[in-house]
Each structure stands twice: as C-alpha cells, then as structure tokens.
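>>> return atomic coordinates for the entry below.
(chains A and B)
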Amino acid sequence: MKYWNEKYECMSRDEMSAVQSERLVTTVNRIYNNVPNYREKMQKIGLEPGDIKSIEDLPKLPFTTKQDLRDTYPYGMFTEPLRNVVRLHASSGTTGKQIVVGYTRNDLDSWADVMARTLVCAGTNQDSFVHNAYGYGLFTGALGVHYGAEKIGATVIPISGGNTKRQIQTMKDFGSTILACTPSYALFLIEVMEEMGIKKEELQLKAGVFGAEPWSLNMRSEIEERLGILAIDIYGLSEIIGPGVSSECSCKSGLHVFEDHFVPEIINPETLEVLPPGEKGEIVFSTITKEAFPVLRYRTRDISSLNYETCTCGRTHVRMNRVTGRSDDMLIIRGVNVFPSQIESVLLNFGEVAPHYQLIVDRVGNLDSMEVWVEMTPALFSDEVKKLEDIERRISAEIDFILGISAKIKLVEPKTIERSEGKAKRVIDKRNL
Amino acid sequence: MLVKQLSVFLENKLGRLAEVTKILGDKDIDISALSVADTTDFGILRLIVNKPEEAELILRENGFAVSCTNVIAIAVIDKPGGLSTVLDILDKVSISIEYMYAFVGKANDQALVILRVESPDKAVEILKKNGIRVLSSNEVYKL
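Have a look, this model is predicted:
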C-alpha cells in the first residue's frame, strides 16, 4: 500500500484549492455563528463570513491564540452541542488550567483517516503489528495512533508508556513491526534492550513513527541504526487534532501536511504578515473539516517553512520542514509542554514575590531531565535543614501536580543566577536538538 | 538569657565558607562558635559572633541569605554523662531539640553547648531551675 487516501494525498493544486475553498467557507460560517470570541474578532475588523469566498481570502481572517482557548475554557470554542461530542482530550495549560478539545463522530473518522495516512507513510499495512507506546489518556498521542492503525486493519498492541522491560519482551514475543512513541523513549528502549542482551535481529521491527517532541537528525540516525528500522517524524497538536497534522514519508524530506483538513501558513511572528513558500517563520493552521472544535489561523508558535513541490513519493500535499524551534519560550520536556511562567506561578506560593529561578533542561541517558534552581530569599530561608528540604519537596510536588513531570529542585545562593540586562535568564537548555 | 545566632545559606561549592569568615574577619568580628549542617546541595552555617547585628548587615550587603535565631548557651560538666543530664531535663518536659553543637573553647571543667529548641524561654527556665548554668550573651562573647 503506497498511499492510504490517494485521492487527496496526490490531488493537483487546483483541485486542492477548490476543496479547501469550499471547506473554509463552511468552517468560517460555523465558527462565526457559534463562537462569540471569534465573531467579535471578525466584527472588530469589519469582516463578515460572506467576505471569505476562497482559500485566497484566508489571510483576511483574525488569528486564534492559545490565550483565546484559555479565555473560553472549557467549552467556549466548541461549535457543536455537547451531546454531539463523543470524545474529549486535553493538554496541560498554565496554572493547572488545561485546554480542552472535543470531537464528534465525524471528527474521529477524519482523525483516524489522517493517522492511517501517517502510519502508511511508515509502511504500515494490514499485516502490521503496531506497538503503541504513547501514553493512553487525555493526551492525544496514543488514541490517535490507535484508531489510525485500526482503520488500516493492522493489529494494535495498546501497551502505553512505561514498564520498559515488559515492553521489550512484548515486542519480541508478539512480533511488533511498527513502533510508535516519543523519539527519546525509543532511545531509552534501545538502551534497556541492550542491557537485557536482546539484539535488534530478535525483533520484527520495520519502522517507527516518532513525535510529540523535537528531535535531532543525529537521534534519528541513532534510532535507525540501532533498531535497524525506518524512523519518520510525525507532527501534530491537540488544538488542531492531535497527531496526524503532518507526517514524513519514507523520503524523509519534510512532513506532508494533510491539507485537505488542515491548511498551513507561515507568518512572521512579529509583523504577522504571511511569508512566501520556503521562508522560515511561525506555522499557523486552520482546520477546515472539524465539527466540534474548529480553529482558524491558530498560532502554533512552532518555527517551520513550507515546500509546495511534489515529493518523489508522489504525494502533492505541501511539506513543512521539521520544526526547528519556537517563537515563544515553551519547552517540550518528555513530550509535555512546559512554559517557564508555569514554574513561576508555583514559586509565587513560596513568598510574596516569586524568587529568581532558572530551569536547567538536559537529556541524560536519552531522557529529558529538568532541574529548577531557586534563589534563596529571606522568606524561604530557615536555619533548619529539614525546613529547607521540605521547601524543595513542596516545590517539586507542586510542579509535578501542575505539569505531571518530576523536577529536581536546587536551592542556590542569592544573586547567583545569571542575569542579562537585569533580567534573569529563565531557561538553559543543554539538549542538543 | 538567650544568645543570637546567625544562620547563613551556603551552596556546597569551593571557597564559600572561607568567604564568610574573611568578610567577618575584615570587620573585626569575632566568631565564638560555629557549626555547619549540610546536605548534598547546600549547607547552613550557624555562627555565634560578638556583634551579631553588624555581622548580619555586612553579610546581607555581601549578598548572603542570613537569618537570626535565638539559641541557648549552656555549660555542662565535662565528664561522661554530663550532657545526658541536661538532655534528660528537657526530655521530661517534652522540649525537643532542633539541633545542637559544642563550642570551640571551654571554661574550667565545663564544656559549652549551644541548643536550638522550639520554645527557648521555657527551656531556659527549666534548665535554670535544675541548676544548669545558662550563659548570657556577654559571657559567650568573652569566650
């Protein structure tokens, strides 16, 4: 099987524009009539749904930001009555407030379709065993892969994350052929495999779909060599649908955006103007088929660029280059989105003003680690060791509660955290991505 | 009868303790007792000095996190079981000791000990009632 949905994946540009235009008009009307937040934005610039006639008119529309999703928490951006919503997912947000997204039955069908395309890009077919080691739950990763693989008719092994030794035994005994997990977990699996004395030849693995965090080309070649597989980069975010927004094919030269569902643009994050193909900037998506939770011109903050040339694989879908950074200060640590402001909000509970802090992010043994350095303040200080150790424990527990990741807290002396132009440098990312 | 103790937050890295003692030495501040409590990452230096207010100010100006706590200085008989007599007294009235350390010098046949307890005033009263010698600030600074 070369393509999952040849009609759309190999459509000519003219046909694709026609499909996008029709779907965009429907989506604009749907949002205008159901989302006061966005309707007001359109009214403010004197824009009516009737002004949007084709995909060419997309740049006229206002942007949607993460802040809009927070302001309308939990269901303010939904465009279907909740009785038609059959699934919810959520991603972490600032100070414990999550971003909630919903799906109708049709949304789940489209999602399964784009994930089937993704998995077929990696060579998945009805005979494949898809070892799904993304964490099952509110995060979109695991269920996205799950339904895509089932749609193809592959055999899903819904093993979820963790318990690495058992994962490897299962891969070996069940004959897993396609591995789905974060790239850093793949490297961790490899290490544990080697410790257990299991060779790659004892496994049936052929390919892997890796996403949810940025990874380097070096990591890719390491995974490919040490597992003897094809490793492709997949991309998505829950605000758009989850995984299945775009995917590399076996050519590994950019990720095909499934643009009959999600229309990408590249903008200059400062001036907000749309940039021509090939230029680097922030990637923005408009969903044009979603029913429960459509978004127009959603600012991802991910830095990429677009390439409209037809790929050697035959797909005509526009390709986005691998994400090379962010236009904000968000970090992705072990697949979890982390904003320094979230750490700051935790520290605010420990004194009237938040102490100076710094996040030291590193990748140790292929797993991300985060240390939070906190400068000692008079409010925090005590002459008793147990009280200081208790503060470290409480900060760590709060961070774990809000972000779901563990961080090592280190108390440091006042004024020892590096400052540039009076402002403390919040993040030191030692990972070589 | 309470004595002021300074506590200084120190990271576990080279030269920090030397830095504090140098700053105090330059200002002619005398240290009568000290102890360091440490963990893998940080330590707390506790000091009894002859000019606690001045020392606190200077250290703060030099960027250290400093706090001031009231502690008790006592003299115990310098022979086996001397200290246990005192601890027994406090134990009987359920006053628990957060930490304690011994003095650098000693007077006559008595060993000098610093005690940090939750309720220092009550502890002083009980200790005195049981005939334990509690030292005043001035006595301590002369040592």
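
>>> which parts of the stretch 201-350 of chain A are strands?
A:207-210, A:230-237, A:242-248, A:255-257, A:262-267, A:281-287, A:298-304, A:306-307, A:319-320, A:325-326, A:331-333, A:336-338 (DSSP state E, counting those that start in this stretch).

>>> tell me where the chain has helices.
The chain I'm using is chain A. Here chain A has its helices, by DSSP state H, at A:6-9, A:13-34, A:36-44, A:66-71, A:105-121, A:140-152, A:164-174, A:183-196, A:217-227, A:340-347, A:385-403.

>>> correction: the question concerned chain B.
Using DSSP H, helices in chain B cover B:16-26, B:52-61, B:82-92, B:120-129, B:137-142.

>>> what's the span of stretch A:320-338, first residue to last?
24 Å (C-alpha to C-alpha, to the nearest Å).

>>> pLDDT at residue A:177, what is it?
Predicted confidence (pLDDT) for residue A:177: 98.

>>> just to revisit the earlier point, let's have the helices of chain A in JSON lines, adding mean pLDDT.
JSON lines is the format used below for those (pLDDT from 0 to 100):
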{"stretch": "helix A:6-9", "mean pLDDT": "97"}
{"stretch": "helix A:13-34", "mean pLDDT": "98"}
{"stretch": "helix A:36-44", "mean pLDDT": "97"}
{"stretch": "helix A:66-71", "mean pLDDT": "91"}
{"stretch": "helix A:105-121", "mean pLDDT": "98"}
{"stretch": "helix A:140-152", "mean pLDDT": "97"}
{"stretch": "helix A:164-174", "mean pLDDT": "96"}
{"stretch": "helix A:183-196", "mean pLDDT": "90"}
{"stretch": "helix A:217-227", "mean pLDDT": "91"}
{"stretch": "helix A:340-347", "mean pLDDT": "84"}
{"stretch": "helix A:385-403", "mean pLDDT": "91"}
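
>>> for the ones you listed, which one sits closest to chain B?
Judged by C-beta to the nearest C-beta, the one of the helices of chain A that comes nearest to chain B is helix A:385-403, at 4.9 Å. Just so you know, the C-beta spots here come from the backbone N, C-alpha and C atoms, and that holds for glycine as well.

>>> export the closest one to PDB, keeping only CA atoms.
Taking Å, rounded to 0.1, in the frame of the first residue of the first chain, the C-alpha atoms of helix A:385-403 are listed here in PDB:
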ATOM      1  CA  VAL A 385      17.900  21.800  57.200                       C
ATOM      2  CA  LYS A 386      14.600  19.900  57.400                       C
ATOM      3  CA  LYS A 387      12.600  23.100  56.600                       C
ATOM      4  CA  LEU A 388      14.700  23.800  53.600                       C
ATOM      5  CA  GLU A 389      14.400  20.200  52.400                       C
ATOM      6  CA  ASP A 390      10.700  20.500  52.900                       C
ATOM      7  CA  ILE A 391      10.500  23.500  50.700                       C
ATOM      8  CA  GLU A 392      12.400  21.600  47.900                       C
ATOM      9  CA  ARG A 393       9.900  18.700  48.300                       C
ATOM     10  CA  ARG A 394       6.900  21.000  48.200                       C
ATOM     11  CA  ILE A 395       8.000  22.900  45.100                       C
ATOM     12  CA  SER A 396       8.700  19.600  43.400                       C
ATOM     13  CA  ALA A 397       5.300  18.200  44.300                       C
ATOM     14  CA  GLU A 398       3.500  21.400  43.000                       C
ATOM     15  CA  ILE A 399       5.400  21.200  39.700                       C
ATOM     16  CA  ASP A 400       4.500  17.500  39.400                       C
ATOM     17  CA  PHE A 401       0.900  18.400  40.200                       C
ATOM     18  CA  ILE A 402       0.600  21.100  37.500                       C
ATOM     19  CA  LEU A 403       2.800  19.700  34.800                       C
END
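
>>> show me what it is packed up against.
Judged by 3 or more C-beta pairs under 8 Å, 6 or more residues apart in numbering or on different chains; DSSP states H and E, the packing partners of helix A:385-403 are helix A:340-347, strand A:367-375, strand A:408-412, strand B:42-49.

>>> got the helices of chain A as TSV, with distance to residue A:233 and mean neighbour count columns?
As requested, these are exported to TSV (distance: least, C-beta to C-beta, whole Å; neighbours: other C-beta atoms under 10 Å in any protein chain shown):
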stretch	distance to residue A:233	mean neighbour count
helix A:6-9	17	16
helix A:13-34	23	17
helix A:36-44	31	15
helix A:66-71	23	16
helix A:105-121	10	23
helix A:140-152	14	24
helix A:164-174	21	16
helix A:183-196	8	19
helix A:217-227	8	16
helix A:340-347	26	19
helix A:385-403	24	16
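
>>> what parts of chain B come near chain A?
B:5, B:7, B:9-11, B:16, B:37-39, B:41-42, B:44, B:46, B:63-67, B:69, B:98-99, B:116 (C-beta under 8 Å from any C-beta of the partner chain).
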